[in-house]
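# The following block contains a protein sequence and its predicted model.
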Amino acid sequence: MATPANDAAISQKKIALVVGASGIAGSAIVEQLQQDKDWSVLGLSRHPVPGSAARHIPADLFSAESLATALQDEKPTHVFFTAWSRQATEQANIEVNTAMLRNLLGAIEHAPVEHVALMTGLKHYLGPFESYGSGPIPETPFREEEPRLPAPNFYYAQEDELWSAAGRQGFSWSVHRSHTVIGHAVGNAMNMGLTLAVQASLCKELGKPFVFPGSKEQWNGLTDMTDGKQLAEHMIWASTTSSAANQAYNVVNGDVFRWRWMWSRLAEYFGVEAEGFHEKPRPLEEQMVGLEKVWEGITEKYGLAEPDLSRLASWWHTDADLGRKLEVLADMGKSRLAGFAGYKRTDDSFIELFDRYRAEKLIP
């Protein structure tokens with residue numbers, strides 16, 4: 001990890017509280033911070049994260065009482081909030097996810113918190129799932145100064161909650177709007193990297209082509225993504241560089257690509273035949289239906305670690321991302337001008353992730 005340009009005023013031992021430590025972003029933050037002896041790391045989640053180097057803080061974000069009890073003796077200086085809970089409607093998303101952030105910030109009012117970094121995403125520009133891409137979408141590449149869309153959005157509500165608490169409690173803040181995040185996690189609700197790895201593994205076992213599930217627009221258009229490590233470095237950078245504080249930033253890898261270029265490279269890794277867009281989208285929720293027993297057989301055949309297909313593949317999320325009928329591309333100029341120099345090639349992100357999943361016996 002590149003060492004952030006830390007200010008002298010915050011060079012002493014820092015205590016990070018990573019909320020959502022079992023997710024793609026949270027686990028990447030924990031791994032990055034553990035490489036720096038100046039950090040002590042706390043990982044907040046309901047259950048311990050296997051193999052995590054962070055000290056586990058068991059708590060329920062839905063319960064202010066649970067959080068107050070769990071955190072009453074903790075003194076974090078920096079908070080990284082990466083958790084969310086998907087609800088049936090956007091109004092429920094607003095109520096639940098804003099309450100989770102409010103509960104957490106209320107439980108650390110006693111602590112010497114210097115900075116809170118909040119992870120959100122490009123639905124800030126695209127709208128929530130129930131009206132995704134259907135309103136007045138700004139021109140690409142998306143820039144941070146774009147006005148909010150005229151529709152309810154839990155990202156907006158979380159930002160407002162963060163700013164209000166910062167005013168009361170005196171900490172600085174940053175918001176990090178990532179695109180689809182490629183990174184390591186198991187049992188995650190939005191995990192394109194592992195989902196595509198499982199799709200390709202099933203295709204190879206069944207002797208079927210690796211079929212692109214998405215739209216013509218995604219197949220042909222430019223896009224970008226966010227490596228979990230890039231996101232972690234970005235959140236740590238903004239949290240430890242005073243001149244970067246109190247800002248919202250897009251965070252993507254820095255490269256752009258077309259899926260019609262990327263798809264064959266992913267297929268080559270798994271030794272399967274790539275098949276691109278043809279006439280209409282072919283969603284994974286349709287392609288992969290009823291293959292739970294096939295995955296159990298693959299698990300037994302190759303001695304894999306996880307036989308439950310539902311813990312590995314989030315078909316719905318990958319279908320939503322690759323099925324978009326518009327270009328999605330984010331500008332990183334604001335971060336670059338502020339001093340962040342991180343860069344990652346997205347094909348490298350995929351290959352490194354697949355190598356890790358293979359090493360951990362999650363895919364054959």
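Perfect, I can see it now. None of these values were measured; they are calculated from a predicted model.
# Stretch 141-148: end-to-end distance?
Using CA to CA, to the nearest Å, one end of stretch 141-148 lies 15 Å from the other.
# in the stretch 251-364 of the chain, which spans are helices?
259-270, 284-287, 292-302, 315-322, 333-338, 346-359 (DSSP state H, counting those that start in this stretch).
# Buried residues of the last one, list them for me.
Neighbour-count burial for helix 346-359, counted by 16 or more other CB atoms under 10 Å, picks out Thr346, Ser349, Phe350, Glu352, Leu353, Phe354, Tyr357. All C-beta spots, glycine's among them, are computed from the backbone N, C-alpha and C.
# cool, the fifth one as well?
For helix 333-338, a neighbour-count test (16+ other CB under 10 Å) marks Lys334, Ser335 as buried.
# Where among the helices of the stretch 251-364 of the chain is average confidence lowest?
Of all the helices of the stretch 251-364 of the chain, mean pLDDT reaches its minimum on helix 315-322 (a mean of 94).
# okay, the angle between that helix and helix 259-270?
140 degrees (axes from the mean of the first three to the mean of the last three CA atoms, to 10 degrees).
# Please name every helix or strand in contact with helix 315-322.
Judged by 3 or more CB pairs under 8 Å, 6 or more residues apart in numbering; DSSP states H and E, the packing partners of helix 315-322 are helix 192-206, helix 284-287.
# what's the closest of those helices to Pro213?
Of all the helices and strands packed on helix 315-322, helix 284-287 sits nearest to Pro213, with 4.7 Å by CB to CB.
# can you dump the C-alpha coordinates of the closest one into CSV?
Provided in CSV are the C-alpha atoms of helix 284-287 (Å, rounded to 0.1, in the frame of the first residue of the first chain):
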residue,chain,number,x,y,z
LEU,A,284,-28.0,-14.7,-15.0
GLU,A,285,-31.2,-15.2,-12.9
GLU,A,286,-32.5,-17.1,-16.0
GLN,A,287,-29.2,-18.7,-17.2
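# for it, packing partners?
Using 3+ CB pairs under 8 Å, 6+ apart as the contact test, the elements touching helix 284-287 are helix 192-206, helix 315-322.
# quick one, what contacts Trp39?
Taking CB atoms under 8 Å, 6 or more residues apart in numbering, we find Trp39 in contact with Lys13, Lys14, Ile15, Ala16, Leu33.
# Show the contacting residues for the closest residue to Gly106 other than its chain neighbours.
Excluding the flanking residues, the one nearest Gly106 by CB to CB, 6 or more residues apart in numbering is Ala64, at 6.2 Å. With contacts defined as CB under 8 Å, 6+ apart, Ala64 is in contact with Asn103, Gly106, Ala107.
# surely Arg311 meets Val186?
Yes. Counting by CB atoms under 8 Å, Arg311 does reach Val186; the two are 6.1 Å apart.
# So between those two, which is more surrounded?
Val186 (17 against 14; other CB atoms under 10 Å).
# you'd agree that one is up against Glu306?
Yes. The pair formed by Val186 and Glu306 meets the contact definition of CB under 8 Å, at 6.5 Å.
# what do those two both touch?
Residues touching both Val186 and Glu306 comprise Leu312, Leu362, with contact defined as CB under 8 Å, 6+ apart.
# separation between Leu202 and Phe270?
10 Å (CB to CB, to the nearest Å).
# Looking at those two now, which is surrounded by more residues?
Between Leu202 and Phe270, Leu202 has the larger neighbour count (other CB under 10 Å), namely 21 against 18.
# In space, what's closest to the more buried one - neighbours in sequence excluded?
Leu291 (5.7 Å).
# my read: that neighbour touches Leu309, true?
Yes. In this structure Leu291 lies within contact range of Leu309 using CB under 8 Å: 6.9 Å.
# can you count the residues close to the closest residue to Leu61 other than its chain neighbours?
Leaving aside its chain neighbours, Leu61 sits nearest to Met100 (4.1 Å; criterion: CB to CB, 6+ apart). The tally of other residues near Met100 (other CB under 10 Å) stands at 24.
# now the one 5 residues further on
For Leu105, the tally of surrounding residues (other CB under 10 Å) stands at 22.
# what does the one 4 residues further on give?
For Glu109, the number of neighbouring residues by other CB under 10 Å comes to 12.
# Pull the contacting residues for it.
Gln169.
# Just to be sure, it is in a helix?
No. In this structure, Glu109 is coil, not part of a helix, as judged by DSSP: H, G, I helix; E, B strand; the rest coil.
# For it, what are phi and psi?
Backbone geometry at Glu109, expressed as degrees, to the nearest 10, gives phi -60, psi -30.
# And it, how far from Gly20?
20 Å.
# what's the answer for His179, then?
His179 sits 18 Å away from Gly20, taking CB to CB as the criterion.
# Quick check: which ranges of the stretch 101-250 of the chain have low pLDDT?
Scanning the stretch 101-250 of the chain for pLDDT under 70 picks out 133-134.
# Please enumerate the helices of it.
Going by DSSP H, counting those that start in this stretch, the stretch 101-250 of the chain shows helices at 123-126, 154-169, 192-206, 216-220, 228-240.
# Looking at those, spot the one closest to Pro281.
Using CB to CB, these put helix 216-220 closest to Pro281, at 8.1 Å.
# export the closest one as CSV, just CAs?
The C-alpha trace of helix 216-220 is given here as CSV (Å, rounded to 0.1, in the frame of the first residue of the first chain):
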residue,chain,number,x,y,z
LYS,A,216,-26.3,-4.0,-25.8
GLU,A,217,-25.4,-0.6,-24.3
GLN,A,218,-23.2,-2.2,-21.7
TRP,A,219,-21.6,-4.6,-24.1
ASN,A,220,-20.5,-1.8,-26.5
